[in-house]
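Novice: Please find the sequence and the predicted model below.
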Amino acid sequence: MRSVIDIVDLSVEELDALMKTACDIIDNPEKYQEVCRHKKLATLFFEPSTRTRLSFEAAMYELGGNVISVSSANNSSAAKGESVADTAKTVSCYADIIAMRHPKEGAALVASRAASIPVINAGDGGHNHPTQTLADLLTIYREKGGMDNLTIGLCGDLKFGRTVHSLINAMSRYKNVKFVLISPEELKVPSYVKKDVLQRNRIPYYQTTDLEDAIGDLDILYMTRVQRERFFNEEDYLRLKDSYILTPQKLNNAREDLCIMHPLPRVNEISVAIDGDPRACYFKQVANGKYMRMALILKLLKEAGTI
Ligand code: CP
């Protein structure tokens, strides 16, 4: 049974095909409004979410399907100690496809091995968030007209930021892409990502702590939140949380066609004064996420022979 746990579970050809389907859904929504009739998506969210859970649910409704949902760990039998594998086997009896978010790294993989229906990883701890990356890729494609020849700045918590790890993995597979990794010393990209993805694929990158110094080089600036929930020590979180705050003044040296992205939710990382700037693309990412999730649900249900 085909599941999507990591963005590299999808080839570049499949990513391109998903973007094509998403663009067709945007242009011709009526073509898709009955394709998942009588099919059910189960959203199992053991960690908080606004965008991912609601966009998966909106996606399934817009495909004509139905949704059943666990919206927090406390209101499911996980609170009584039920395992992820038993939960996945149980939900396979009720639904046609699962989207699951869990605080533990690897939980979605465990679920996919136990389930008899496709499982989509909607975020597992600080590890991966492949459908956020699908939203990011469609945003880059629509804003930049393609995926090649881009310099991408990633800024903030690059250590625990699962969206960052998935995006590096995805964009490293396109041509002539460069990365600028902007973070405090304590929140640098993990060495396994640098070694296994950037160095192995000979992708040019440099690391810096200085956002203003780097900003003029960038086609894309991907801001991220310092995530309180990933810290063991509140003092460290408080010291690092406001390391980078993007303000209009900091955009003085930025390109006119810079694309400013953020997976959201934001706390302080981007001043609301930037929301009206034509370079602000973070709410476009939110909208694109629903269309890419529609495309992915369609693909996995077709491959499973469900539709
Ligand atoms: N980007 C993202 O995953 O947002 P939520 O946590 O609100 O789902």
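Specialist: Arrived safely.
Novice: Residue in the stretch 101-250 of the chain with the shortest distance to the ligand?
Specialist: In the stretch 101-250 of the chain, the residue found nearest to the ligand is Gln132; the distance is 5.1 Å by CB to the nearest ligand atom. Any C-beta I mention is one placed from the backbone N, CA and C, and that applies to glycine too.
Novice: unless I'm mixing things up, Glu269 is touching His262, no?
Specialist: Yes. Between Glu269 and His262 there is a contact at 6.6 Å, judged by CB atoms under 8 Å.
Novice: that older thread, can you tell me, leaving aside adjacent residues, what's nearest to the residue of the stretch 101-250 of the chain closest to the ligand?
Specialist: Leaving aside its chain neighbours, Gln132 sits nearest to Thr163 (4.6 Å; criterion: CB to CB, 6 or more residues apart in numbering).
Novice: from what I can see the one you found touches Asp136, true?
Specialist: Yes. The pair Thr163 / Asp136 is scored as a contact, 7.2 Å apart, by CB under 8 Å.
Novice: residue boundaries of the helices in the stretch 151-300 of the chain?
Specialist: Ranges of helices in the stretch 151-300 of the chain, per DSSP state H, counting those that start in this stretch, are 162-171, 191-193, 211-214, 234-240, 282-303.
Novice: Select, out of these, the one closest to Thr43.
Specialist: helix 282-303 (10.6 Å; CB to CB).
Novice: any idea how far Arg228 is from Asn201?
Specialist: Between Asn201 and Arg228 the computed distance is 32 Å (CB to CB, to the nearest Å).
Novice: which ones are touching the residue lying closest to Asn176 once chain neighbours are set aside?
Specialist: Excluding the flanking residues, the one nearest Asn176 by CB to CB, 6+ apart is Asn149, at 4.7 Å. Taking CB atoms under 8 Å, 6 or more residues apart in numbering, we find Asn149 in contact with Lys175, Asn176, Val177.
Novice: run the last query once more with 10 Å
Specialist: Asn149 is in contact with Tyr174, Lys175, Asn176, Val177, Lys178, Asp219, counting by CB atoms under 10 Å, 6 or more residues apart in numbering.
Novice: swap in Val8?
Specialist: Asn128, Pro130, Ser166, Asn169, Ala170, Ser172, Arg173, Val197.
Novice: my guess is Met292 contacts Ala135, does it?
Specialist: Yes. Using CB atoms under 10 Å, Met292 is in contact with Ala135, at 5.5 Å.
Novice: okay, and the common contacts of those two?
Specialist: Ala22, Ser55, Gln285.
Novice: Include pLDDT and distance to the ligand when you put the contacts of Val8 into CSV, please.
Specialist: CSV is the format used below for those (pLDDT from 0 to 100; distance: CB to the nearest ligand atom, whole Å):
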residue, pLDDT, distance to the ligand
Asn128, 89, 12
Pro130, 96, 11
Ser166, 91, 11
Asn169, 94, 17
Ala170, 96, 15
Ser172, 97, 21
Arg173, 96, 22
Val197, 96, 21
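Novice: which ones are touching Gly216?
Specialist: Contacts of Gly216 by CB under 10 Å, 6+ apart are Asn252, Asn253, Ala254, Arg255, Leu258.
Novice: and the gap between the third one and the ligand?
Specialist: Applying CB to the nearest ligand atom, to the nearest Å, one obtains 23 Å for the distance of Ala254 from the ligand.
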